[in-house]
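Novice: Got a predicted structure here, sequence first:
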Amino acid sequence: MTTTLTATTTRPEDRFLHAFEAYAGEVLNGTSEHLAALRRKAIERFGVLGFPGRKSEAWKYTPIAKALQHPYRIDPVPAVPALTEQALADYAIPELDAYRVVLVNGRFVPELSTTSDLPEGVVLTGLEEAARRHADLFEKYFAHYLDFENEPFLALNTAFARDGFFLYVPEGTALERPVHVLNLIDTDEELFLQPRNVVVAAPGASLKLVTSGHGRTAQRTFTNGVTEVFVGQGAEVHQYDLRLEGEAASGIFSTQAYLEGGARYTNGTLTLGGALVRNNVYVRFDDQEGEAHLYGFFLGRGSMHIDNHTRIDHAVPHCVSNELYKGILDDEATGVFNGKVLVRPHAQKTNAYQSNKSIVLTREARMYSKPELEIYADDVRCTHGAAIGQLDEDGIFYLRARGLTLQKARAMMLLAFARDVLDQITIEPLRAYLDELVAGRFGA
Amino acid sequence: MALLEIRNLHARVEEKEILKGVNLTVNAGEVHAIMGPNGSGKSTLASVLAGREDYEVTEGEVLYDGKNLLEMEPDERAREGVFLAFQYPVELPGVNMATFLREALKAVREHRGLPPLSPAEFMKLLKEKAELVGLDPSLKQRSVNEGFSGGEKKRSEIFQLALLEPRLAILDETDSGLDIDALRAVADGVNKLRAPDRAFVIITHYQRLLNYIVPDYVHVMVNGRIVRSGDKTLALELEEKGYDWIKEEVGLVA
């Protein structure tokens, strides 16, 4: 079933509104009353908000409305080509012994996902599957805290989201092996994908998650992905998102994390591919003694546009947040970092650190860095630092004066710069894999 | 054939002429000291020889082993066996010392037609050379020069010299900021590295270092030129009489 676009469609938003009605059967089919109502509410809200315009502060450097004028094909249940095990070999991370989940075009592929041998009580499956077979858990967490009142992309995803992955680790359980989600785009159409993922660490649980995005097509695609993460009391979640798509893939990738008391959350967002990429990492402390570490590394080349937005809400006292985002921009690439930290009036004894450093390698490359600290409590420690510069010429000369070629010297300095972030990765095979990947990009 | 021949070298930085006709000949096996008051162009000379781009050579030539040195890129010069021990060695956070040294040695060895060393051989060599200059071998785990004290930085430069075995070693005020023990360690290392096929050009402001590294020739640089050359006794005379004396001798008002 295809939605054909007519010349009378004026706003890009209308395409989505029409698609929702056209697919209403598919999207709402089999869902509970409550969920159906939520989806309707979401699409209505999206209709009201529309896409961010040029005056939108949050999208100041990323003209998203223009990008979305492109007539992508909106289909909540896109076709999934068959893939062999062989084809997946390219995306494996060497030495990483993980539970593997494969999503193709946002849809869970059980035949390629190894979800057996899971510890007791752990649920690792597709979102749609979870809604069917673990309805209670699903209803408990799906869109539980998500606030799309002022967020058109969260609203849009909530309205359309049909599949993705669902991970639940029960109370007190430590998931020893990490989970690796392969997000593959494989299509001969210009698809608009909206995967929705839910990750839950019950109180005292711990898990490590790697999601890597890859494109197997030269077709232009756009992904509006949302991942909700719940970190229960005293639980620990390490989440690493790798963007390794080709030049044709664009997307907005939003992670919404909610932390209970004493929760520990680490998020690493590593962008090495894609045409236009917007990463949104939102963390909210719902109880005291929580800790959040946000790391980001982005490597822009060609005409890539990488926009990193983080938002940390210190809604309660005694929590710690720490951010380190580093980027390297080459050719005519553009990078953006906007780090918002909100410390509410009663959030005393908050510790919030933020650092953003970027290297711009050419005259044409651009970097925009904007820390935004809104502090309403008075007994807090908040620091932020932003620096945009070029490679240290003295350092390059020193290395060359010892026999290293210019390329090798630059590669060494760039890798050293990147390692500040890469060395923070707590999954060793992943760290090694990325180190090699990044080193290769510099010709090291 | 001389190892290094500098003929009528003129160089400037940002429109200001610093070197105004430097002449110097250095043969393999020799140790030359270049002394001079501040601003005489000593460090500029070292920078030009190493290939720093901020300096523009306006006249003259430099022949290294009969080849035009000024046409070589900085890394080419290093691979050809020219080594500059920096006055202010830069810190490179995140660049591992051992990795850096391995790459440097690999580049130099490859140029000499030698195969790279095995990891074990390399580590052994690192340890050996570190001991030569009294440097703690654990530095190999650290980032290049990061957190090194002044003395450690200078010793690290000599350590690199020992590792890379250059044919022409230029020491740019290696003694500045060193206490007597560090000075001795540095001098010790240099003396152990003296060889018939290696030449040293030691740039220094004070005579003190030359008590430990006894030079074959001493040159005095004033106002961008070498105005007087002699043997080690010239250094002692300078120590005694000061730079003003030289300036008067060559007709420059103090």
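Specialist: That came through fine. Residues are numbered from 1 along each chain as shown, chains lettered A, B, ... in the order given.

Novice: Quick one: low-confidence residue ranges for chain A.
Specialist: A:1-9, A:26-30 (pLDDT under 70).

Novice: So which residue is smack in the middle of it?
Specialist: A:Phe253 (4.1 Å; C-alpha atoms, centre = their mean).

Novice: Secondary structure of it: a helix, I assume?
Specialist: No. The assignment for A:Phe253, made by DSSP: H, G, I helix; E, B strand; the rest coil, is strand rather than a helix.

Novice: Beta-bridge partners for it, please?
Specialist: A:Gly225, A:Asn279 (DSSP bridges).

Novice: and the stretch 151-254 of chain B, which residues reach chain A?
Specialist: B:Gln160, B:Leu164 (C-beta under 8 Å from any C-beta of the partner chain). To be clear about C-beta, it is placed using only N, CA and C from the backbone, and glycine gets the same treatment.

Novice: And the helices in the stretch 151-254 of chain B?
Specialist: Remark: helices assigned in the stretch 151-254 of chain B by DSSP state H, counting those that start in this stretch are B:180-193, B:209-212, B:232-241, B:243-249.

Novice: helices or strands next to the longest one in the packing?
Specialist: Going back to what we said before, that points to helix B:180-193. helix B:119-132, helix B:150-164, strand B:168-172, helix B:209-212 (3 or more C-beta pairs under 8 Å, 6 or more residues apart in numbering or on different chains; DSSP states H and E).

Novice: Deepest in the core, which of those is it.
Specialist: Greatest average neighbour count among the helices and strands packed on helix B:180-193 goes to strand B:168-172 (a mean of 25), per mean count of other C-beta atoms under 10 Å in any protein chain shown.

Novice: okay, the helices and strands packed on helix B:180-193 in a markdown table with distance to A:Glu393 and mean pLDDT next?
Specialist: Formatted as a markdown table, the helices and strands packed on helix B:180-193 follow (distance: least, C-beta to C-beta, whole Å; pLDDT from 0 to 100):
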| stretch | distance to A:Glu393 | mean pLDDT |
| --- | --- | --- |
| helix B:119-132 | 28 | 92 |
| helix B:150-164 | 19 | 92 |
| strand B:168-172 | 18 | 96 |
| helix B:209-212 | 29 | 91 |
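
Novice: Is it possible to get CSV of these that adds distance to A:His18?
Specialist: As requested, those are exported to CSV (distance: least, C-beta to C-beta, whole Å):
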stretch, distance to A:His18
helix B:119-132, 63
helix B:150-164, 68
strand B:168-172, 73
helix B:209-212, 83
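
Novice: looking at the helices of the stretch 151-254 of chain B, which is closest to B:Glu56?
Specialist: Checking those against B:Glu56 by C-beta to C-beta gives helix B:243-249 as the closest, at 26.7 Å.

Novice: List the buried residues for that closest one?
Specialist: B:Tyr243, B:Ile246, B:Lys247 (16 or more other C-beta atoms under 10 Å in any protein chain shown).

Novice: and the gap between the last one and chain A?
Specialist: From B:Lys247 over to chain A the distance is 32 Å, taken as C-beta to the nearest C-beta, to the nearest Å.

Novice: What ranges does chain A have for its helices?
Specialist: A:12-28, A:33-49, A:64-67, A:85-88, A:127-133, A:135-141, A:152-160, A:393-400, A:406-422, A:428-442 (DSSP state H).

Novice: Any idea which of those gets closest to B:Asn211?
Specialist: Across the helices of chain A, closest to B:Asn211 is helix A:393-400 (C-beta to C-beta), at 29.5 Å.

Novice: mind listing what's buried in the closest one?
Specialist: A:Gly395, A:Ile396, A:Phe397, A:Tyr398, A:Leu399, A:Arg400.

Novice: Against chain B, how distant is the third one?
Specialist: Spelled out, that is A:Phe397. Separation of A:Phe397 from chain B (C-beta to the nearest C-beta): 6 Å.

Novice: so that residue touches B:Asp75, yeah?
Specialist: No. In this structure A:Phe397 lies outside contact range of B:Asp75 using C-beta atoms under 8 Å: 9.8 Å.

Novice: Show me chain A divided up by domain.
Specialist: Following automatic domain parsing, chain A resolves into domains at A:23-287, A:391-444.

Novice: Give me the contacts around stretch A:25-45.
Specialist: Residues outside stretch A:25-45 that contact it (C-beta atoms under 8 Å, 6 or more residues apart in numbering or on different chains): A:1, A:16-17, A:20, A:76-77, A:131-132, A:135, A:139, A:142-143, A:148-149, A:152, A:155-156, A:158-160, A:162.
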